[in-house]
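Visitor: The amino acid sequence is not available; the structure is as follows:
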C-alpha cells in the first residue's frame, strides 16, 4: 500500500499468554491496561554524529573514554566515520527521539579532543541518529540496570503475562530463546518444536514490507547511509519499487 494508506487500526486478539516486547513503550502500554502497574523500564538516550574524515583515516577506528570517563568511539562506516555514543536519562516522547543541536555540539567537542587536528565543526556533520536504550528500571541502580530481565506481571494483576526489559535488538535471538524457555513453564506446546528459517527473502522490498522510498533506502537496503542519493537513482528506485509494490 501507499505509505499514506498506512493508518493505525484498533484490533482485538485473544491468547492464553501475552509477551510484552515493546521496549521503551512497555510502561506506557501496560499503564493503558493497568494504571497502577509498577515501572519496568528506564530509558537512556544515545546519540551519534557522522562525518567524513580524511582518506588516510579510512578503515581505522578508535575506542576510548570521553572527558566524563564514559565510552566513546570513532567507527569507520562505509566512506564515513561516526562518533558516539552519548548517554543521558530520557523520559520524553519515545516517538520523538533525535539528536539536538546541543548534543551534536557535545559530540563534536569530544571528537575534537580526541582528534584535535581535524577541527570538526557543525558543517562537517553529514547526518546523525539517536535512540533510547530500554534498560531495566531498578530503584537500587539510579541510571538503569543493563541486565536483561523478564518480568512476571502476575504481581501487577496481569496473570500469564511477561514483559522483557533491557533487550536491545542486537541480542534478540538470545532473548527469544530465553522467552521460549519460560513460556512452556505455563503452557503445553500444541505442536512439535520447529527450527527458525533465517534465509534472506528473495525479494527484499516486497518481502520486508517497505512502506515508502525512505523506508527502503534507509532501513532495508541501507543505500542512503552511503551519502546523498542522486535524483536519477531516486527516480529509478521509485519506479522499480512502485511498479512492484503499487506505489504512486
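Guide: Yes, it's here. These figures come from a predicted structure and were not determined experimentally.

Visitor: how about the helix or strand hosting residue 236: buried residues?
Guide: When elements are assigned from DSSP states H and E, residue 236 belongs to helix 231-245. Within helix 231-245, the residues that count as buried by 16 or more other CB atoms under 10 Å are 237-238, 241, 245. For glycine as for every other residue, the C-beta is placed from the backbone atoms N, C-alpha and C.

Visitor: just stretch 149-168 next, same as before
Guide: By 16+ other CB under 10 Å, the buried positions in stretch 149-168 come out as 149-151, 153, 156, 158, 161-167.

Visitor: ok, now stretch 125-136?
Guide: Residues 125, 128-136 are the ones in stretch 125-136 that count as buried (16+ other CB under 10 Å).

Visitor: Quickly check the residues you listed for the two that are furthest apart.
Guide: The two members of those with the most space between them (CB to CB) are 125 and 136, at 32.5 Å.

Visitor: now the strands for the protein?
Guide: 18-20, 41-51, 62-65, 71-77, 80-84, 88-89, 125-136, 149-152, 161-165 (DSSP state E).

Visitor: Out of these, the one nearest residue 210 is which?
Guide: Ranking the strands of the chain by proximity to residue 210 (CB to CB) places strand 125-136 first, at 19.0 Å.

Visitor: contacting residues around the spatially closest residue to residue 97 that is not a sequence neighbour?
Guide: Using CB to CB, 6 or more residues apart in numbering and skipping the chain neighbours, the partner closest in space to residue 97 is residue 130 (5.1 Å). Applying CB atoms under 8 Å, 6 or more residues apart in numbering, one finds that residue 130 lies in contact with 45-48, 97-99, 103.

Visitor: likewise residue 25?
Guide: Counting by CB under 8 Å, 6+ apart, residue 25 touches residue 94.

Visitor: Okay, it and residue 195: tell me how far apart.
Guide: According to CB to CB, to the nearest Å, residue 25 and residue 195 sit 30 Å apart.

Visitor: Is there a quick PyMOL command that grabs whichever of the contacts of residue 130 are buried?
Guide: To isolate the buried members of the contacts of residue 130 in PyMOL, using 16+ other CB under 10 Å:
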select buried, resi 45+46+47+48+97+99+103
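
Visitor: Now the spatially most central residue of the chain: closest residue in space, sequence neighbours ignored.
Guide: By CA atoms, centre = their mean, the mean C-alpha position of the chain lies nearest to residue 131, the distance being 6.0 Å. Nearest in space to residue 131, with sequence neighbours left out and distances taken as CB to CB, 6+ apart, is residue 46 at 5.8 Å.

Visitor: Does that neighbour touch residue 86 like I think?
Guide: Yes - contact criterion CB atoms under 8 Å: residue 46 and residue 86 qualify, at 5.8 Å.

Visitor: which one is residue 238 nearest to, not counting chain neighbours?
Guide: Using CB to CB, 6+ apart and skipping the chain neighbours, the partner closest in space to residue 238 is residue 213 (5.5 Å).

Visitor: got a pLDDT number for the one you found?
Guide: The model reports residue 213 with a pLDDT of 90.

Visitor: give the contact list for it.
Guide: The neighbours of residue 213, taking CB under 8 Å, 6+ apart as the test, are 234, 237-238, 241, 247.

Visitor: which one of those is nearest residue 172?
Guide: Distances from residue 172 to those, taken by CB to CB, are shortest for residue 241, at 26.7 Å.

Visitor: In this protein, where is pLDDT below threshold?
Guide: Residue ranges of the chain with pLDDT under 70: 1-6, 200-207.

Visitor: Good, wrapping up.
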